[in-house]
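> I'll drop the sequence and a predicted model, then ask my questions.
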Protein chains: 4
Amino acid sequence: MSTPQGHHFLQIPGPSPVPERVLQAMHKQIIDHRGPEFARLGRDVLAGCQAIFQTGNPVIIYPSSGTGAWEAAIVNTLSPGDKVLMVETGHFATLWQKMAARFGLEVDFIRGDWRHGVDPAAIEAKLAEDATRAIKAVMVVHNETSTGVLSRIADIRAAMDRADHPALLLVDTISSLGSADYRHDEWGVDVTVSCSQKGLMLPPGLGFNAISDKALEASRHNTMPRSYWDWQEMLKPNANGFFPSTPATSLLYGLRESIAMLLEEGLERVFTRHRRLAAATRAAVNAWGLEILCLEPAEYSPVLTAVIMPAGHDADAFRKIVLERYNMSLGSGLSRVAGKVFRIGHLGECNELTLLGALTGVELGLAAAGVPHRPGGVAAAMANLAGRNADPAVP
Amino acid sequence: MSTPQGHHFLQIPGPSPVPERVLQAMHKQIIDHRGPEFARLGRDVLAGCQAIFQTGNPVIIYPSSGTGAWEAAIVNTLSPGDKVLMVETGHFATLWQKMAARFGLEVDFIRGDWRHGVDPAAIEAKLAEDATRAIKAVMVVHNETSTGVLSRIADIRAAMDRADHPALLLVDTISSLGSADYRHDEWGVDVTVSCSQKGLMLPPGLGFNAISDKALEASRHNTMPRSYWDWQEMLKPNANGFFPSTPATSLLYGLRESIAMLLEEGLERVFTRHRRLAAATRAAVNAWGLEILCLEPAEYSPVLTAVIMPAGHDADAFRKIVLERYNMSLGSGLSRVAGKVFRIGHLGECNELTLLGALTGVELGLAAAGVPHRPGGVAAAMANLAGRNADPAVP
Amino acid sequence: MSTPQGHHFLQIPGPSPVPERVLQAMHKQIIDHRGPEFARLGRDVLAGCQAIFQTGNPVIIYPSSGTGAWEAAIVNTLSPGDKVLMVETGHFATLWQKMAARFGLEVDFIRGDWRHGVDPAAIEAKLAEDATRAIKAVMVVHNETSTGVLSRIADIRAAMDRADHPALLLVDTISSLGSADYRHDEWGVDVTVSCSQKGLMLPPGLGFNAISDKALEASRHNTMPRSYWDWQEMLKPNANGFFPSTPATSLLYGLRESIAMLLEEGLERVFTRHRRLAAATRAAVNAWGLEILCLEPAEYSPVLTAVIMPAGHDADAFRKIVLERYNMSLGSGLSRVAGKVFRIGHLGECNELTLLGALTGVELGLAAAGVPHRPGGVAAAMANLAGRNADPAVP
Amino acid sequence: MSTPQGHHFLQIPGPSPVPERVLQAMHKQIIDHRGPEFARLGRDVLAGCQAIFQTGNPVIIYPSSGTGAWEAAIVNTLSPGDKVLMVETGHFATLWQKMAARFGLEVDFIRGDWRHGVDPAAIEAKLAEDATRAIKAVMVVHNETSTGVLSRIADIRAAMDRADHPALLLVDTISSLGSADYRHDEWGVDVTVSCSQKGLMLPPGLGFNAISDKALEASRHNTMPRSYWDWQEMLKPNANGFFPSTPATSLLYGLRESIAMLLEEGLERVFTRHRRLAAATRAAVNAWGLEILCLEPAEYSPVLTAVIMPAGHDADAFRKIVLERYNMSLGSGLSRVAGKVFRIGHLGECNELTLLGALTGVELGLAAAGVPHRPGGVAAAMANLAGRNADPAVP
């Protein structure tokens, strides 16, 4: 097998392909991070992030991965021994729970089957039971990247309100921000955790915390030791567009551009585009006769679709064939579902033809790997896209 | 209609998409074109061009379009009043013929239907008739970009040899070099004309002339006035890696990289890849029930496929829908076939999934434009590719 | 001597360093040169060129070097046997004269000492003598790149007007456009020849002709055969932003950006900056006790300064030391002055500290090469710049 | 004052200018961080870091600033309540001390005057006094970026050995790595902290920890809670070239290139070049009659030179003039010396002419700001460089 030629199809659920405009913007000499040109950059990206997170409150930007932003949310709001409520929606929810435990939090971890999102009723029940208000935070993943299940944050907020419980709401939007509708303020989220390399279409290297007044107030009293992640250290220089330690300037150049792209297209259109591509992908999977991991239609992810391999077939052997023969990277199954599912990313700057090209690669790969399936997935996706384009009711 | 998002599918028959490696290589500060670093660059690209043109003789590189390289071939070898033999294979052969006439050449232009390549027998007959050896050159287009027909240069050479005629053989490889098999020396070509933006995967801006000893000898005696295009002016500084006037350095950076890419993949593999993609494209067109412009299977172009629109449908209206709705550029019909054909480019760094993504765009576009066709073109292309992949006899 | 490290000082009189913004703008995928996005680009650059050439008439853009643009000016306006008046201001004027002769023009070449610009009085005298109006064109170089002498085009125009002679005025602004004040319309120039890699701060690869109505009229009747360079072929598609053959798209991306940069700074400020840097350079040369090639202060070039080496010292040996030891490229002496002068380019995006850094390299190089000189050149340049900065009367 | 034109001189002591080769290498599409191409990248940079840190032990790479790498060193080796010995060499040593306090460490902070490096004898005395071996770590800054003082790590190691004390040695090489000689293994350092944007010539965004076996052993028992920074989480996937959370791929592309550049030049030559430029800078400062902040010649930094402003003159007003008038960024004085010193960075890809250009900007700026000084600094720097170049004993 020779080296794959031509355009690589990067169809993992993040990092997503970086648009040409963003790569161009990043190809720029570094500037003095304490000078006036930087101040303009800093103010631009900090204000732009507010538009993307849909918040009027500050957004903190770290040189870090999304994992770092998880840690920041924890150490700024909670104290060792605090009780928190988390839900096992998949691999990443589990990792966040392990992190919480490392910091001495007592995690009430609601078990899950990795095929459903967070059940708002379960949250409400747990909070209602918590007469002493021992639970300090509800920590959930918006879009579980390992399963392709999107939890309903607004409903969770409503459940918390019904329980009239003062717990903070911490939400991981690592793979949803900029791809799935998300509203930090309107949904009453206290800390929104995110990162650069998914819906923001940037290289990895930036972590984000959007914070509510309530979270900020909590950060004034919690006792978790911290320094790098400390919000207070950030907020003061941020007010003038600066950062307490050297910021990742080249990624900020890119961030300014990617925010501009998202706002030019319009967030609503961006979200609609992702939903449309996801629906086409599911049409293909259904036509192939394969099973989608997510069991609840109201929770289908607009970002990625996880597909269950037929019994007796290894998802990673299939992915290897697709990579070597068709120059496409698909996402692997993680931990509990390793080898059992593969994931198709359809996020970021993905469009119809890119997605359909990717689906042809999946269909060809299934055949090449000897995976039992019905042909016609690509045709079904095309029909789905054509139908929706023709339907004036669907944008 | 909103602005198209995401990756643009540039599926015109050139300029072809510029690979990331080439764009990277070009993003480099300009250097002194008379200094030692430039000399290394110059020697690298001049030697590299010999490998690509498959010649041991010099290749001349101009800052120009391919049109300029046509002119260079004429003014270096012919004299006003010279008789030349040309063949109307399509739009570009016609343009070259008009250029020849502008320089006072007497062109015997063998008419054609734009659906066939050059007929070697016709050449042989014309040369055999030419008892006075008045014909000074046979000038043909290898791959006619306007029609998707590939002429058989080796057979033309054989026909000339059979006629035992001393005419020079001038060949336009503008859209074939680096995509279709081409052998300047082995096929006894005297001047090969080419450019940067097709199989060489570069931005436009470089024109080439590969020249035989016989052509060089002709250039010592012909009387066409010239300066910019003069080979002799080039050859002396070229010997040391330099150029007589300021060369297009950034494009030469790119050329060094694109030559390296072609040689790493291996020219034979590059040609096979193009043939495979072309076959898949034709499978799609046939399945749609549309007609391919090229009528002779032995002359199918590996570079592009021109498709005839059903009567009563405008190819440009269709192309506009594809561009606006699916963010893909297809080639238009030119002059005599304007509005009547569209062209699908599958050259350069094109690979399976890119082509299939493009074909989904054609199929969706046909439906969106109300062009009568059978669905299933993409499926046929996939089957074609899968079959060939499975066949150990086809690389 | 190890490989030079760090920033290379490219201080030749062109190609000049390409600004980061321009390189960024060029790092963009190629687009369909017959599509709507290209039309916007084409219109932008064609209109922008009018601003830079200071003309309301069309500017033609070729994929070519500046040499090609010379040829275009000749073949579009003159006929074989035409008499033209040219002036030997240096190497490039001589090359243009040789080109004119190749095209069968009868050149009256006013000899020069390579240390003065064109003498308007000599032009006037020649034209006054030409009772039959046999002279069809006066062809002069604005900024002679080989000598650092700037001819006074407005004065030449006035001389022609005084002689009331109908000859066309063709001016080479290859190394002056965008660096020295130049006004195509106001100065009554008929064809302005230029290129991309000097004041326009682009890589080499574009040639320009700005044309007057009178030149356009001449092009309708002259008999020089031409095709690639033909203005008429260009003007029709240009009206819609398109080009007759494939344009050098990546260079046009860069051109759009460099024009924007020049207009943002303001042409007047750009010219003043060049004059200021040139004055500082001359202050250094004078302080070193070396001689400037240009003998006429009113003709000092704002673009480059050519310096005469003391007798017995080889300019190229000196330049080699500067390159190897200080990682700076200086311009060589050409033909008649080879080895006898070196040239310091101070054009394009050059600024004070870049120039002064370059001058330290010259001063260190003079010492390292054992060239007799007084130290203090850099100090004199600094004093010159400081004084001018302090002087409110000089911008 | 118009917008500064042309090349910006970024002469702060980091971020340092990013070389063209590194920016080129970074301008590359993101790849699957769990795929085979990434594994090659990961292995390359991890092995390359060992060469740069001069260690055979692992180097950990974080998406973070250098501040994050400080935190990583603390939380992986120490426990709340541990006693550590630190030295107030300047602003950054003070910040690290504050961070240590935030994590509950008991810091014995040896006060300093910000004009000297760490005194090895003082370390030895403190350790000798520590009969109970309560001190768990000695934490020092190699090159204090705020003062331009380089501490002698090998001597500190020797002092610790003489005291026969088991404390760990943690060293901040944030602004020295890749610029000043540094040997993790030979000098017996336990944790070396560094980052990307200084001697490694990358954009900011990567933090590093090089670790000894002893540090790794400490990390198995210390009790500081941690997750993002945890070495153990890193080491396992690192063995195959992977990372536990998404790595900053584009910066790793750049890191691979910058390591290649440093090794091509040769570390010894890199260090010599920095020393030579620093000596020239000091020659300029002395000639101006200004005072260097560092009082101990054996501790002069090869990375930056901090200069004391004459009494009554504000360093920041001076820096503002230099920025606006000469398009150069100089480093500000920090905290205790704010407004009182300015800092000249001469690190990374800096070379002779760039430095001299920068020094002309300082000299012109001093005059423009009315700061009393003697002219001749640039001339002294030139003489210094010329002398050393001429001296065969100095490389």
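Yep, that arrived. Numbering: from 1, shown residues only, chains lettered A, B, ... in the order given.
> every contact and neighbour count from this point should use C-alpha atoms.
OK.
> mind pulling up the pLDDT for the residue in the stretch 151-300 of chain A positioned nearest to chain B?
When scored by C-alpha to the nearest C-alpha, the stretch 151-300 of chain A has residue A:265 as its residue closest to chain B, at 7.5 Å. What the model reports as pLDDT for residue A:265 is 97.
> measure it to residue A:195 for me?
20 Å (C-alpha to C-alpha, to the nearest Å).
> who's more crowded, the two?
residue A:195 (32 against 14; other C-alpha atoms under 10 Å in any protein chain shown).
> doesn't residue A:202 make contact with the more buried one?
No. The pair residue A:195 / residue A:202 is not scored as a contact, 9.0 Å apart, by C-alpha atoms under 8 Å.
> spit out the contact partners of the residue of the stretch 1-150 of chain A found nearest chain C.
Proximity of the stretch 1-150 of chain A to chain C (C-alpha to the nearest C-alpha) peaks at residue A:24, 5.7 Å away. Neighbour list for residue A:24: C:24-25, C:27-28, D:27 [criterion: C-alpha atoms under 8 Å, 6 or more residues apart in numbering or on different chains].
> adding secondary structure, write the residues you listed out as CSV.
Shown next, in CSV, are those (DSSP: H, G, I helix; E, B strand; the rest coil):
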residue, secondary structure
C:24, helix
C:25, helix
C:27, coil
C:28, coil
D:27, coil
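> can you name the residue of the stretch 251-395 of chain A nearest to chain B?
Closest point on the stretch 251-395 of chain A to chain B, by C-alpha to the nearest C-alpha, is residue A:357, at 3.7 Å.
> so what's that residue up against?
B:353-358, B:360.
> try 7 Å this time
By C-alpha atoms under 7 Å, 6 or more residues apart in numbering or on different chains, the residues touching residue A:357 are B:353-354, B:356-357.
> now swap in residue A:154 and tell me
residue A:187.
> verify the assumption that it is located in a helix.
Yes. According to three-state DSSP, residue A:154 belongs to a helix.
> which one is the residue of the stretch 251-395 of chain A closest to chain B nearest to, not counting chain neighbours?
residue B:357 (3.7 Å; C-alpha to C-alpha, 6 or more residues apart in numbering or on different chains).
> ok, the contacts of residue A:357 vs residue D:378, which is closest?
Among the contacts of residue A:357, residue B:354 lies closest to residue D:378 (C-alpha to C-alpha), at 57.8 Å.
> tell me the secondary structure for the closest one?
The local conformation at residue B:354, judged by three-state DSSP, is helix.
> quickly note the distance from the residue nearest to residue A:357 to residue A:199.
Relative to residue A:199, and taking C-alpha to C-alpha, residue B:357 is found at 22 Å.
> secondary structure element holding the residue of the stretch 251-395 of chain A closest to chain B?
Residue A:357 belongs to helix A:352-368 when assigned by DSSP states H and E.
> so is the helix ranked longest in chain A next to chain B?
Using DSSP state H, we find that the single longest helix of chain A is helix A:267-288. No. Using C-alpha under 7 Å from any C-alpha of the partner chain, helix A:267-288 stays clear of chain B, with a minimum separation of 9.1 Å.
> what lines up beside the helix or strand following that helix in the sheet?
On the C-terminal side of helix A:267-288, the closest following helix or strand by DSSP H and E is strand A:291-292. Using DSSP bridges, strand A:291-292 pairs in its sheet with strand A:304-308 (antiparallel).
> in PDB, could you pull the C-alpha coordinates for the partner strand?
What follows is strand A:304-308 as a C-alpha-only set of coordinates in PDB (Å, rounded to 0.1, in the frame of the first residue of the first chain):
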ATOM      1  CA  LEU A 304     -20.500  13.300  15.400                       C
ATOM      2  CA  THR A 305     -22.200  10.000  14.900                       C
ATOM      3  CA  ALA A 306     -21.000   6.900  16.700                       C
ATOM      4  CA  VAL A 307     -21.700   3.600  14.800                       C
ATOM      5  CA  ILE A 308     -21.800   0.200  16.300                       C
END
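> what angle separates that strand from helix A:267-288?
If you take axes from the mean of the first three to the mean of the last three C-alpha atoms, to 10 degrees, strand A:304-308 sits at 20 degrees to helix A:267-288.
> quick check: next helix or strand after strand A:304-308?
Criterion used, DSSP H and E; the element after strand A:304-308 is helix A:315-326.
> what comes up buried for that next one?
Of all the residues in helix A:315-326, those buried under the rule 16 or more other C-alpha atoms under 10 Å in any protein chain shown are A:315-316, A:318-323, A:325-326.
> stretch A:186-204 now?
A:187-204.
> okay, and the spatially most central residue of chain A sits in which element?
Closest residue to the average C-alpha location of chain A: residue A:175 at 1.2 Å, with C-alpha atoms, centre = their mean. Assigned by DSSP H and E, residue A:175 belongs to neither a helix nor a strand.
> and stretch A:43-61, end to end?
Stretch A:43-61: ends 12 Å apart by C-alpha to C-alpha.
> residue numbers of chain A in contact with chain C?
Checking chain A against chain C by C-alpha under 7 Å from any C-alpha, the hits are A:20, A:24, A:27-28.
> of those - the most surrounded one?
Neighbour max across the residues of chain A next to chain C (other C-alpha under 10 Å) = residue A:27, 24 neighbours.
> show me what contacts it?
C:24, D:23, D:27.
> mind checking the backbone torsions on residue A:351?
The phi and psi values for residue A:351, taken as degrees, to the nearest 10, are phi -130, psi -180.
> so how far is residue A:254 from the closest residue in space to it that isn't next to it in sequence?
Nearest residue to residue A:351 in three dimensions, chain neighbours excluded: residue B:6, at 5.5 Å (C-alpha to C-alpha, 6+ apart). Distance, residue B:6 to residue A:254, by C-alpha to C-alpha: 16 Å.
> those two: which has the busier surroundings?
The residue with more neighbours, out of residue B:6 and residue A:254, is residue A:254; 27 against 19, by other C-alpha under 10 Å.
> thinking the more buried one is in contact with residue A:19, fair?
No. Counting by C-alpha atoms under 7 Å, residue A:254 sits too far from residue A:19 to count as a contact (9.7 Å).
> what is the nearest of the buried residues of helix A:315-326 to chain C?
residue A:326 (22.5 Å).
> what's the local residue count around the closest residue to the closest one other than its chain neighbours?
Leaving out its chain neighbours, the residue that sits closest to residue A:326 by C-alpha to C-alpha, 6+ apart is residue A:361, at 6.3 Å. Residues within reach of residue A:361, counting by other C-alpha under 10 Å, total 28.
> show me which residues of the lowest-mean-pLDDT helix or strand in chain A are buried.
Here the helix or strand of chain A ranked lowest by mean pLDDT, DSSP states H and E is helix A:377-390, holding a mean of 85. For helix A:377-390, the neighbour count (16+ other C-alpha under 10 Å) marks A:377-386, A:388 as buried.
> on that earlier part again, pull the contacting residues for the residue nearest to the centre of chain A.
A:143, A:145, A:198-199.
> please apply the same query to residue A:212.
Counting by C-alpha under 7 Å, 6+ apart, residue A:212 touches A:57, A:189-191.
> filter the residues you listed down to the ones near chain D?
Within those, nothing lies near chain D by C-alpha under 7 Å from any C-alpha.
> from these, which land in helices?
Among the contacts of residue A:212, the subset assigned to helices under DSSP H is empty.
> closest one to residue D:106 out of these, please.
Using C-alpha to C-alpha, the contacts of residue A:212 come closest to residue D:106 at residue A:191, 32.1 Å.
> my guess is that closest one contacts residue A:213. True?
No. With contact defined as C-alpha under 7 Å, residue A:191 does not count as touching residue A:213 (9.8 Å).
> what's the least confident helix or strand of chain A packed up against?
Helix A:377-390 sits against helix A:267-288, helix A:352-368, with contacts defined as 3 or more C-alpha pairs under 7 Å, 6 or more residues apart in numbering or on different chains; DSSP states H and E.
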